[in-house]
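**Student:** Everything below, folded, please.
(one chain, ligands or ions: 2)
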Amino acid sequence: MPQRKFKCVEGCSECCTIAPVYRDVWEKVTETFRPVVKVIDAPPIHGLRPAVFPITEDGICPLLTLEGKCSIYGSRHEVCKKFGLTKDAPCMFLRVNGETRTKKETETIRALWQERENQFFKGVKR
Ligand code: SF4
Ligand code: SF4
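**Tutor:** Ligands and ions are numbered 1, 2, ... in the order given. All right, here's what the predicted structure looks like:
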C-alpha cells in the first residue's frame, strides 16, 4: 500500500509553541501577535544559522497570527519545517507517514510535549 504523504490537519497550529527563529529573521520582524517577554539564544544546530527563542507568557509562538497562520512562513526555521516528519519531533495528530494517530497516541505525544515544555521552562523565568 502506498504511504500517505504528511499533510497538516487543516487549520491546526498546535505545535506552534516554543520554536527557534533564525536570528537574522527575528531581527527583521516588525510585528508579533502576543507580547514577547524574553528572547534567549537557541543552542547552535550544526549547519544552521544562529537562532533565538522568543518567549511569551502563554508559551505560544509570537509569530503565529491570531488567525493561526505563521507570519514568517517562508523564512521559518528548519525545526518548524520538519516538525512531524521525524520521530524526534512527533506531531500529536499525524504519524510520520501522514496517517492519523489513535487517540491514545495523541494523548501520549501531547504529554511528551508538555513534559518537554516544562523542562524547557525550568530556569527560564517568564
Ligand atoms: S505538525 Fe501536527 S500539530 Fe503541527 S500544525 Fe501540523 S498537524 Fe498540527
Ligand atoms: S515560526 Fe511559524 S511555524 Fe514556527 S512555531 Fe512560529 S508560527 Fe509556527
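**Student:** For this protein, which residues are neighbours of ligand 2?
**Tutor:** Residues of the chain lying close to ligand 2 by CB under 6 Å from any ligand atom are Cys16, Ala19, Val21, Cys61, Leu63, Leu64, Cys70, Ile72, Arg76, Cys80. Backbone N, C-alpha and C define where each C-beta goes, glycine included.
**Student:** List the contacts of the last one.
**Tutor:** By CB atoms under 8 Å, 6 or more residues apart in numbering, the contact set of Cys80 is Cys16, Ala19, Cys70.
**Student:** Swap in 7 Å and give it another go.
**Tutor:** Ala19 (CB atoms under 7 Å, 6 or more residues apart in numbering).
**Student:** Which helix or strand contains it?
**Tutor:** helix 78-82 (DSSP states H and E).
**Student:** Which residue, other than its chain neighbours, is closest to Ser71?
**Tutor:** The shortest distance from Ser71 to any non-neighbouring residue, by CB to CB, 6 or more residues apart in numbering, is to Leu63 (4.9 Å).
**Student:** and the gap between the one you found and ligand 1?
**Tutor:** Per CB to the nearest ligand atom, to the nearest Å, Leu63 is found 14 Å from ligand 1.
**Student:** Same check on Lys82?
**Tutor:** With distances taken as CB to the nearest ligand atom, Lys82 is found 10 Å from ligand 1.
**Student:** Give the burial count for that residue, as a bare number.
**Tutor:** Around Lys82 there are 11 other residues, counting by other CB atoms under 10 Å.
**Student:** Give me the pLDDT value at it.
**Tutor:** If you check Lys82, the pLDDT there is 95.
**Student:** Nice, that's everything, thank you.
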